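# Provide a 3D model corresponding to the input given below.
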Amino acid sequence: DAHMSDAPAMDELTMLQAEVLKTLASPRRLEILHRLALGPRGVSQLADELRVSQPNVSQHLAVLRAAGVVEAERDGREMRYRLSDPDVMTACAIMRGVLERRLVRLAALSDPTRSDALAL
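Numbering: from 1, shown residues only. Below is the predicted model:
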């Protein structure tokens, strides 16, 4: 197709961003990140805190690690995981703020008596 060859190639950073965002598009993985934001944790501790199986946590951590979002280091017999960059949580917090404001605006549209959303 002649049109396709004229289009600029998608840059590598955009591709990486899409991959990381795809990785983060999981409620369970977001829960894991929120726990790791409190400090490094082992698989068993995460499994206990989230009330899910260790294999389930391990699977999610492998995906997060492959995307470069978390890092692992051996601590005795256990691997301990931590955020590779705390700004990942900053990005998540910004997105949550965007969504919270959107929900407030939608609530105001459905209920005109709510003045709190009109100011946003």
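
# Tell me the secondary structure at residue 68.
coil (DSSP: H, G, I helix; E, B strand; the rest coil).

# What is the least confident helix or strand in this protein?
Sorting the helices and strands of the chain by mean pLDDT, DSSP states H and E puts helix 2-6 at the bottom, at a mean of 55.

# So for the chain, the centremost residue is which one?
Centroid check for the chain by C-alpha atoms, centre = their mean gives residue 24 as the closest residue, at 3.6 Å.

# ok, and the closest non-adjacent residue to that one?
Nearest non-adjacent residue to residue 24, counting by C-beta to C-beta, 6 or more residues apart in numbering: residue 30, 6.5 Å away. C-betas here are computed from N, CA, C, even on glycine.

# Using the three-state scheme, assign that neighbour.
Under three-state DSSP, residue 30 comes out as helix.

# Isn't it up against residue 91?
No: using C-beta atoms under 8 Å, residue 30 makes no contact with residue 91, being 11.4 Å away.

# so residue 47 sits right up against residue 59, yeah?
No: look at residue 47 against residue 59 with C-beta under 8 Å: they stay out of range, at 11.3 Å.

# Look at the two and report which has more neighbours.
residue 47 (17 against 13; other C-beta atoms under 10 Å).

# tell me the secondary structure for the more buried one?
helix.

# Quick one: list the elements packing against whichever helix in the chain runs longest.
Longest helix of the chain, by residue count under DSSP state H: helix 87-110. With contacts defined as 3 or more C-beta pairs under 8 Å, 6 or more residues apart in numbering; DSSP states H and E, helix 87-110 has these neighbours: helix 27-36.
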